[in-house]
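K.L.:
Fold the following.
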Amino acid sequence: MLSLTWLIPMYPLVGSIICGFYGLKIGKDKVAKVACGSVILSFLTTLLVLGGYANLPEGESIYEQVMFTWIAAGNLNIEWGYQIDGLSLVMLMVVSGVGSLIHIYAVGYMYEEYSFYRFFAYFNLFVFAMLILVMGNNFLMMFIGWEGVGCCSYFLIGYYFDKKSACDAGTKAFVVNRVGDFAFLLAVMYIFKLFGSIDFSHVMEHAATTVVFESEDITIITMLLFIGATGKSAQIPLYTWLPDAMEGPTPVSALIHAATMVTAGVYMVVRCNALFVMAPITMWIVALVGGGTALFAATIGTAQYDIKRVLAYSTVSQIGYMFLACGVGAFTAAIFHLVTHAFFKACLFLGSGSVIHGVHGEQDMRKMGGLKKYMPKTYWTFVISTAAIAGIVPLSGFFSKDEILYHSLMDGNIMFWGMGVCGAFITAFYMSRLVIMTFHGKYNVDPEVHPHESPAIMTNVLIVLAILAAIGGLLGIPIMHGAHFLKHVLAPVLEFDLATAIDHSTHVLHEQGRHAPHWGHLLEHHEEHNVLTEVLLMGFSLCVALAGIATAYLFYIKFPSWPEKIMQTQGGFELVRNKYYVDEVYDATFVKPTVEGSYILWRQADAKGIDGTVNGVAKIIGWFSQQARVFQSGFVRNYALFMVMGFIFFLIVAF
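P.N.:
Sure, this is the predicted structure:
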């Protein structure tokens, strides 16, 4: 079954080609079958590959399928190959499984669009690129997929290209991601310089014996990789593109900006765990940025009124939790939350799309309210997913978020744990606020709009995702470590011999005549599971979530006048509602100077300098030509006279 691996990305690629080139000819129904069928086939093939992987001989945890040699130049030998292990299989299940559901939903949501075929051509192409990203067996293949999903994101964010805001949002996403992508590419070059290879298996296997622990080399590499991750996964300071990306159709937000692409940075950090563990400084920065982003984005979500923008900032915040987990070394917890987040956040985004569909395109929650009775299926799936993201037991988000908070305190420090706890409280508050403003309270829908439930093709997908959001925690119940399925699956990928790395680093430093720091305390740490401590922390995090929900209830149901009073009396609310003016600061610091500088270069350097030089040469030649025209009278007798005079002059000079 493992030999079928190459088919997983091939199906959506073929689907994209058919939809893109023949979509108008074959019609919407066939486009829908091709687009959805291709991703479903990828999912089914992934299940077959999973079965083959489970039957690998004991001791083997990686299967590589090399298709051909892609680049061969000197010592550089890059293969086009796929790597199947526990981590890639988890990501394949998420991308193809959740991707299939979102494709089915999109058929109902986008059916009335004229460019239906174009949308699914982009959608399938995105899935192909994402599959290449998570299946590639080397850094360059990951980078190809990395750039591919960025390109498709640009297409899909700007799908409504007749809207300037959509075009601007797509451009913003493209430009901001170039910053991170450039850093990622530099890291790949640096890795090849140190290791002589960019194959994952080679680099991770030799990390402990190639670089020095805490050295400048490994710190630079991991920092460059993390900068790349902050761009793709929308973390501080490169997060600003994601909220604007809501200009794209809602299924785009669900697939790209919730379940798959924005988690690519987390996947990359976990894939490179052997490198990051060797760089404690980078790990601390990853945890700080992740925790800071989780808290920062959550506060902004409390003051937004666009239903999709609330979820966008929620996505930024939740991915911050994943990086917080990576920063404290809880890589399994990061992937666990990545999976559960794909379930409940895809359901929430698609649920918001169902609401928007039901109220004829309205996205402002202040113009909603009381929609529960009109959209019961959307409402209950939305409530389940909201409870999951808030961390209510026994839903999936409770277990994955609790595991992150537990490791933040036990493996990190109280500051990281405090960031996570505060973010959890605010998340429960603003998500409950979203549910109340949309489905409860006063009916504020425009009288000309008649709310209605979405068609079955959309609501059935919501039901499936809500079920997954409810039971997804079974993949890894923290208190039952023997039942932590994901921990067992990811263990071979996360194996790293820290003792060997420290011994090698100490030996290298002694040979260089340098003093080796005392790293022995790092070896003293081993996983000690304190059940009582975890139970207490779980109880505390549940109380925090309930407190957030209760606060939203007081503010928006019991005393609905409070928010208005706070807005009028507290100046800080305006700051939060305007997203701390980060976009304005970036515009003033980077965008406007760049535009003005470009204008100066255009008017002065280009128009006057380059064009002036070229035009000046032309004018000089033109002047000489004007003078030469005096001698070009067109009369033969004049030319004969000049010839005779020239001949006489030649004779005088010569003799």
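K.L.:
chain center to stretch 376-384, what's the gap?
P.N.:
Centroid separation for stretch 376-384 versus its chain: 26 Å, with CA atoms, centre = their mean, to the nearest Å.
K.L.:
got the contact list for it?
P.N.:
344, 347-348, 351, 354-355, 358, 371-372, 395, 435, 438-439, 453-454, 459, 462-463, 465-466, 469-470 (CB atoms under 8 Å, 6 or more residues apart in numbering). From N, CA and C alone the C-beta is placed, and that goes for glycine too.
K.L.:
again, only this time at 6 Å
P.N.:
Stretch 376-384 is touched from outside by Cys347, Gly351, Ser354, Lys372, Phe439, Thr459, Leu462, Ile463, Ala466, Ala469, Ala470, with contacts defined as CB atoms under 6 Å, 6 or more residues apart in numbering.
K.L.:
same check, this time on stretch 72-85
P.N.:
5, 53, 61-71, 135, 137, 140, 493.
K.L.:
Now a ChimeraX select for only the buried ones of these.
P.N.:
Typed into ChimeraX, the next command selects the buried ones out of the contacts of stretch 72-85 (criterion: 16 or more other CB atoms under 10 Å):
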select :5,53,62,63,64,65,135,137,140,493
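K.L.:
In strands, which of the contacts of stretch 72-85 appear?
P.N.:
Tyr63, Glu64, Gln65, Val66, Met67, Phe68, Thr69, Trp70, Ile71 (DSSP state E).
K.L.:
how close does the closest residue to the fourth one other than its chain neighbours get to Ile198?
P.N.:
This points to Val66. Spatial nearest neighbour of Val66, chain neighbours left out: Gly81 (3.9 Å); criterion: CB to CB, 6 or more residues apart in numbering. Gly81 is 12 Å from Ile198, where distance means CB to CB, to the nearest Å.
K.L.:
repeat for Pro9
P.N.:
Distance, Pro9 to Ile198, using CB to CB: 20 Å.
K.L.:
More neighbours: the two, which one.
P.N.:
Pro9 (26 against 21; other CB atoms under 10 Å).
K.L.:
Which residues are in contact with that one?
P.N.:
Counting by CB under 6 Å, 6+ apart, Pro9 has contacts Phe128, Leu131, Ile132.
K.L.:
repeat that for 8 Å
P.N.:
Counting by CB under 8 Å, 6+ apart, Pro9 has contacts Ser42, Phe128, Leu131, Ile132, Met135.
K.L.:
so which of these is the most crowded?
P.N.:
Counting by other CB under 10 Å, top hit in those: Leu131 with 30 neighbours.
K.L.:
any idea how far Lys565 is from the residue nearest to that one when sequence neighbours are not counted?
P.N.:
Closest residue to Leu131 apart from its sequence neighbours, by CB to CB, 6+ apart: Pro9 at 4.0 Å. Distance, Pro9 to Lys565, using CB to CB: 55 Å.
K.L.:
repeat for Phe213
P.N.:
From Phe213 to Lys565 the distance is 55 Å (CB to CB).
K.L.:
go on, Ala303?
P.N.:
On the measure of CB to CB, Ala303 and Lys565 end up 15 Å apart.
K.L.:
Hmm, Leu371 is touching Gly441, no?
P.N.:
No. The criterion here is CB atoms under 8 Å, and Leu371 misses it with Gly441 at 9.9 Å.
K.L.:
Compare those two (neighbour count), which wins?
P.N.:
Leu371 (25 against 16).
K.L.:
what secondary structure does the more buried one sit in?
P.N.:
Here Leu371 is recorded as coil under DSSP: H, G, I helix; E, B strand; the rest coil.
K.L.:
and the residue nearest to it when sequence neighbours are not counted, what are its phi and psi?
P.N.:
Using CB to CB, 6+ apart and skipping the chain neighbours, the partner closest in space to Leu371 is Phe439 (5.0 Å). Torsion angles at Phe439 (phi, psi; degrees, to the nearest 10) stand at phi -110, psi -20.
K.L.:
what does the one 10 residues further on give?
P.N.:
In this entry, Val449 is assigned phi and psi values of phi -100, psi 140 (degrees, to the nearest 10).
K.L.:
which residues does it contact?
P.N.:
Val359, His360, Glu362.
K.L.:
Just the buried subset of the residues you listed, please.
P.N.:
Buried among the contacts of Val449 (16+ other CB under 10 Å): Val359, Glu362.
K.L.:
So which of the contacts of Val449 is the closest to Val176?
P.N.:
Within the contacts of Val449, proximity to Val176 (CB to CB) peaks at Glu362, which comes in at 28.5 Å.
K.L.:
Quick check: the closest one is in a helix.
P.N.:
No. Read with three-state DSSP, Glu362 is coil and lies in no helix.
K.L.:
going forward can the numbers begin at 13, since that is how I track them
P.N.:
Let's use 13 as the start, then, which means that last one is Glu374.
K.L.:
which residues does it contact?
P.N.:
Counted by CB under 8 Å, 6+ apart, Glu374 has contacts Ile368, Met380, Val457, Asp458, Val461.
K.L.:
how does it look with 7 Å?
P.N.:
Counting by CB atoms under 7 Å, 6 or more residues apart in numbering, Glu374 makes contact with Ile368, Met380, Val461.
K.L.:
Would you format those residues as JSON lines with pLDDT and distance to Pro529 included?
P.N.:
Below are these laid out as JSON lines (pLDDT from 0 to 100; distance: CB to CB, whole Å):
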{"residue": "Ile368", "pLDDT": "92", "distance to Pro529": "56"}
{"residue": "Met380", "pLDDT": "90", "distance to Pro529": "58"}
{"residue": "Val461", "pLDDT": "84", "distance to Pro529": "66"}
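K.L.:
and these as JSON lines, adding distance to Trp614?
P.N.:
Formatted as JSON lines, the contacts of Glu374 follow (distance: CB to CB, whole Å):
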{"residue": "Ile368", "distance to Trp614": "41"}
{"residue": "Met380", "distance to Trp614": "47"}
{"residue": "Val461", "distance to Trp614": "47"}
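K.L.:
State the helix or strand in which the residue nearest to Gly403 when sequence neighbours are not counted lies.
P.N.:
Nearest residue to Gly403, sequence neighbours excluded (CB to CB, 6+ apart): Ala557, at 4.1 Å. Assigned by DSSP states H and E, Ala557 belongs to helix 543-565.
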